[in-house]
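Enquirer: fold the stuff below for me.
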Amino acid sequence: MASSFGHHLLSLFLFTTLLSTSINGNSVNPSTTSCPSFDCGNGLVVGYPFWQQGRQNDHCGYQGLDILCTGRQPLLCLSGDLYRLKKINHSENTLTATYNELNNVTCHVAPHDVKLNSSYFLNFSLENKVVRFFYNCTLYPPSLPYLECLRYGLKRSYVFVEGAIPEFDWERYCETTVSVPVIEKGGDGILVNSFGRVLQDGFKLTWRSPDRACRSCEASGGFCGYGNGLLQKFICYCNDGQQSDNSCHDNGAVKLASQPHFVAIGAVICAGLVIASTGFYFVQKKKIALKKIGFSRIPTSGK
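Expert: Residues are numbered from 1 along each chain as shown. Presented below is the predicted three-dimensional model:
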């Protein structure tokens, strides 16, 4: 019986600890001290809202804007595909990226469409134009310029700016088609002759703050974050170690460690008392039942 009661106490302790941790979360401060800018290759300094995968916590930047530092090239993952990060302009909220597969290749090929589904915060820049590649076409209009280095027997490959594609059943006679955003201001003829450079130059993306509260926080010099507990409340983290509900200019900003969740603590205590009283009730009930069994087994003397 003692072991049973001890088991209930252990369960109570574990439940209370886990619930308290879940509600309060870890005390983190994504400031310039704990989340510094970093250089993971090519002399490109990266900082908030980007964060370094495997080296920094995800509160150091936006979800989906984690940078992988391998070798000498910073890599950004978009919808499961890796892209080389070429430039970042924090003042304009823009970045330039290109296919990671273009390294050390003499005849460049755009291997797949560029998709941004993995990051809610990224958008294509208006400075891009979309081009479409048609690979390994078995039938094609005569006299059209094709990609010479991609010629394979009688098969031809082509590239056109979206909106200026010659009328033809390309989908039927070409093995694959790929749409790519590129930073290119020339016409079709220039694109055909320099498509390799165009792919290497890459495409430009812009990023935006998640919401109005985050924009206000960042304008005051803070970092946008969300409590990692059950409440998921928005928090503006400031460089001086304080936090606020809106911005670092708020007079009500307080230290992280001095802001206990009194409602949450009350809930934990109440939950603990309920478990303790329930456990005590069942233990006492078991004791009474055992006593009754013991009394019923006492033999009576015969007369």
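
Enquirer: can you pull the buried residues of stretch 205-215?
Expert: Residues of stretch 205-215 classed as buried: L205, T206, W207, S209, P210, A213, C214 (neighbour count, 16 or more other Cβ atoms under 10 Å). The C-beta positions use only the backbone N, C-alpha and C, and glycine is treated the same way.

Enquirer: extract the CA atoms of the helix or strand hosting the second one and return them as PDB.
Expert: Yep, that's T206 we're talking about. Element membership of T206 [criterion: DSSP states H and E] is strand 203-207. C-alpha atoms of strand 203-207 as PDB (Å, rounded to 0.1, in the frame of the first residue of the first chain):
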ATOM      1  CA  PHE A 203      16.600  34.900 -58.600                       C
ATOM      2  CA  LYS A 204      15.600  37.500 -56.000                       C
ATOM      3  CA  LEU A 205      13.200  36.900 -53.100                       C
ATOM      4  CA  THR A 206      11.800  39.300 -50.500                       C
ATOM      5  CA  TRP A 207      10.700  38.500 -47.000                       C
END
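
Enquirer: that strand pairs with which strands?
Expert: strand 94-99 (antiparallel), strand 122-124 (antiparallel) (DSSP bridges).

Enquirer: output the ones you listed as TSV; include the columns distance to S179.
Expert: Below are these laid out as TSV (distance: least, Cβ to Cβ, whole Å):
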stretch	distance to S179
strand 94-99	13
strand 122-124	11
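
Enquirer: those: which one's closest to L139?
Expert: Among the strands paired with strand 203-207, strand 94-99 comes nearest to L139, with 28.0 Å by Cβ to Cβ.

Enquirer: buried residues, that closest one. List them.
Expert: L95, T96, A97, T98, Y99.

Enquirer: now the nearest residue to the first one once chain neighbours are set aside, what are its backbone angles?
Expert: The shortest distance from L95 to any residue that is not its chain neighbour, by Cβ to Cβ, 6 or more residues apart in numbering, is 4.8 Å, and that residue is I88. Taking degrees, to the nearest 10, you get phi -140, psi 130 for the backbone angles of I88.

Enquirer: can you show me the helices along the stretch 151-300 of the chain?
Expert: 170-173, 188-193, 195-201, 212-219, 262-296 (DSSP state H, counting those that start in this stretch).

Enquirer: where does the stretch 51-200 of the chain have low pLDDT?
Expert: 58, 104, 118-119, 184-190 (pLDDT under 70).

Enquirer: can you show me the strands along it?
Expert: Using DSSP state E, counting those that start in this stretch, the strands found in the stretch 51-200 of the chain span residues 51-52, 66-70, 73-78, 81-89, 94-99, 122-124, 129-137, 156-161, 174-182.

Enquirer: ok, which of these comes nearest C224?
Expert: Closest to C224 of the strands of the stretch 51-200 of the chain, according to Cβ to Cβ: strand 51-52, at 12.1 Å.

Enquirer: how about residues contacting that closest one?
Expert: C35, F38, C40, V46, N57, D58, C60, G61, L65, D66, I67, C69 (Cβ atoms under 8 Å, 6 or more residues apart in numbering).

Enquirer: what bridges to the residue lying closest to the third one once chain neighbours are set aside?
Expert: Of all residues beyond its chain neighbours, the one nearest C40 is C69 (2.9 Å), with distances taken as Cβ to Cβ, 6+ apart. Per DSSP bridges, residues listed as beta-bridge partners of C69: P74.

Enquirer: buried residues in stretch 57-74, which are they?
Expert: For stretch 57-74, using 16+ other Cβ under 10 Å, the buried residues are H59, C60, G61, Y62, G64, L65, D66, I67, C69, Q73, P74.

Enquirer: the fifth one touches F121, doesn't it?
Expert: Yes. Proximity of G64 to F121 meets the contact threshold set by Cβ atoms under 8 Å, at 6.7 Å.

Enquirer: what about P166, how many residues nearby?
Expert: Other residues within reach of P166, judged by other Cβ atoms under 10 Å, total 11.
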